[in-house]
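Novice: Fold the following for me, if possible:
(one chain, ligands or ions: 1)
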Amino acid sequence: MRLANLEGRATIVTDDGLIDVATSSQGAFSTSVDKCISQLALLQRWYESAQPAIGEATTPAELFGDRRLGPVVTNPQQIFAIGVNYRSHAEEMNRTLPEEPMVFTKFVSALCGPNDELPVPSDTTDFEVELVAIIGATARNLSEELALTAVAGYCVGQDFSERTLQMKGSPSQFSLAKSFRHFMPIGPWLTTPDELGDVNKLSIGCRVNDIQYQASNTDDMVFGVAQLVTYLSNVVELRPGDVIFTGSPHGVGVARRPPIFLKPGDRVVSEIEGLGRIENQAV
Ligand code: ZN
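Specialist: Numbers count the residues shown, from 1 in each chain. Okay, here's the model as predicted:
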């Protein structure tokens, strides 16, 4: 199942069209994506058994028209991001592989929709395409075997990063530098794990103005999704709607010679196999 936030309403996306969750379920499920994610298994069971009528059957290109897709979760209590979690990215940054996940946060006010504009705050703003896991259950102390049962689904994310602020202090400060306005687009929708196959075997890439800068596979991660969920849940309580940015592959702008940074007018396209694409225009 693919669950989107269309103009603030939880909407199931099918190959044939859209299903407004609250309307089709006659109010059994909320208009809020956050509430739907906290009861996603129930929602999916309803969707598969009730076979709700598709409200708007259109071609994929006409699916959303001028309507805005919002972030697939709007009010997460916790947002985790993982640094240096691809072998190839560690190499290009001249970093040794971490022995434990390197965890920081992105602040929630940076969250935005998959196609929102990116106001560029400086001339050292960088891109990082990332696989994003959305938590669907309250969980602590998960084993690696059970870890993925706490994941509601996955989407594409951008961990936009302002490198000057990030590297300014000692030690460096990741969280603020990655939390400017619209520095956290996610989407285009949440895809449930059953539609995806092996989450640690997906091609992942990012293009800027049609030039491919990042092209990798989630099999290059140092810590896979289950390991990350296990690690986090053995410290904090995970809650429905929590967001985990799982790290960026190689090819980021700051690691290039000369470095490449985003400027107004640039079009950033981020894609992951099976999850779709998000597109953000720098302004
Ligand atoms: Zn990142």
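Novice: Could you list the low-pLDDT ranges of the stretch 1-150 of the chain?
Specialist: Residues of the stretch 1-150 of the chain meeting the criterion pLDDT under 70: 56-62.
Novice: mind redoing it with 80?
Specialist: For the stretch 1-150 of the chain, residues meeting the criterion pLDDT under 80 lie at 52-63, 65.
Novice: Pull the number of nearby residues for the residue in the stretch 51-200 of the chain positioned nearest to the ion.
Specialist: The nearest approach of the stretch 51-200 of the chain to the ion comes at Asp159, 3.4 Å away (CB to the ion). Heads up, the C-betas are built off the backbone N, CA and C, glycines and all. Asp159 has 27 neighbouring residues, counting by other CB atoms under 10 Å.
Novice: Contact partners for it?
Specialist: Shown in contact with Asp159 (CB atoms under 8 Å, 6 or more residues apart in numbering): Ala81, Lys106, Glu128, Glu130, Lys178, Phe183, Met184, Phe245, Ser248.
Novice: Just the closest of those to Gly265, please.
Specialist: Nearest to Gly265, judged by CB to CB, of these is Phe183 at 17.9 Å.
Novice: any idea how far Asn280 is from the closest one?
Specialist: Separation of Phe183 from Asn280 (CB to CB, to the nearest Å): 10 Å.
Novice: Overlap in contacts, these two.
Specialist: Joint contacts of Phe183 and Asn280 (CB under 8 Å, 6+ apart) are Leu118, Gln158.
Novice: before we move on, the earlier item: save the contacts of Asp159 as JSON lines, and put in distance to Leu228 and secondary structure too.
Specialist: Formatted as JSON lines, these follow (distance: CB to CB, whole Å; DSSP: H, G, I helix; E, B strand; the rest coil):
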{"residue": "Ala81", "distance to Leu228": "10", "secondary structure": "strand"}
{"residue": "Lys106", "distance to Leu228": "15", "secondary structure": "coil"}
{"residue": "Glu128", "distance to Leu228": "16", "secondary structure": "coil"}
{"residue": "Glu130", "distance to Leu228": "12", "secondary structure": "strand"}
{"residue": "Lys178", "distance to Leu228": "17", "secondary structure": "coil"}
{"residue": "Phe183", "distance to Leu228": "21", "secondary structure": "coil"}
{"residue": "Met184", "distance to Leu228": "18", "secondary structure": "strand"}
{"residue": "Phe245", "distance to Leu228": "10", "secondary structure": "strand"}
{"residue": "Ser248", "distance to Leu228": "14", "secondary structure": "coil"}
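Novice: In TSV, list those along with neighbour count and distance to Leu196.
Specialist: Below are those laid out as TSV (neighbours: other CB atoms under 10 Å; distance: CB to CB, whole Å):
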residue	neighbour count	distance to Leu196
Ala81	26	21
Lys106	25	23
Glu128	24	21
Glu130	28	16
Lys178	26	26
Phe183	24	26
Met184	27	22
Phe245	26	17
Ser248	28	20
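Novice: and those near the ion, which?
Specialist: Glu128, Ser248 (CB under 5 Å from the ion).
Novice: okay, the residue of the stretch 51-200 of the chain closest to the ion: pLDDT?
Specialist: According to the prediction, Asp159 has pLDDT 98.
Novice: How are the strands of the stretch 51-200 of the chain distributed by residue range?
Specialist: Under the criterion DSSP state E, counting those that start in this stretch, the stretch 51-200 of the chain carries strands at the ranges 56-57, 69-70, 79-83, 102-104, 111-112, 125-126, 129-135, 151-158, 161-162, 184-191.
Novice: just checking, what's the longest helix in the protein?
Specialist: helix 40-50 (DSSP state H).
Novice: okay, the angle between that one and strand 184-191?
Specialist: For helix 40-50 against strand 184-191, the angle by axes from the mean of the first three to the mean of the last three CA atoms, to 10 degrees is 40 degrees.
Novice: Return the distance of helix 40-50 from the chain's centre.
Specialist: 23 Å (CA atoms, centre = their mean, to the nearest Å).
Novice: which outside residues touch that helix?
Specialist: 1, 3, 12, 19, 21, 24-25, 28-29, 36, 52, 136, 152-153, 192.
Novice: Could you pick out the buried ones from these?
Specialist: Among the contacts of helix 40-50, the ones that count as buried by 16 or more other CB atoms under 10 Å are 1, 3, 12, 19, 21, 24-25, 29, 36, 52, 136, 152-153, 192.
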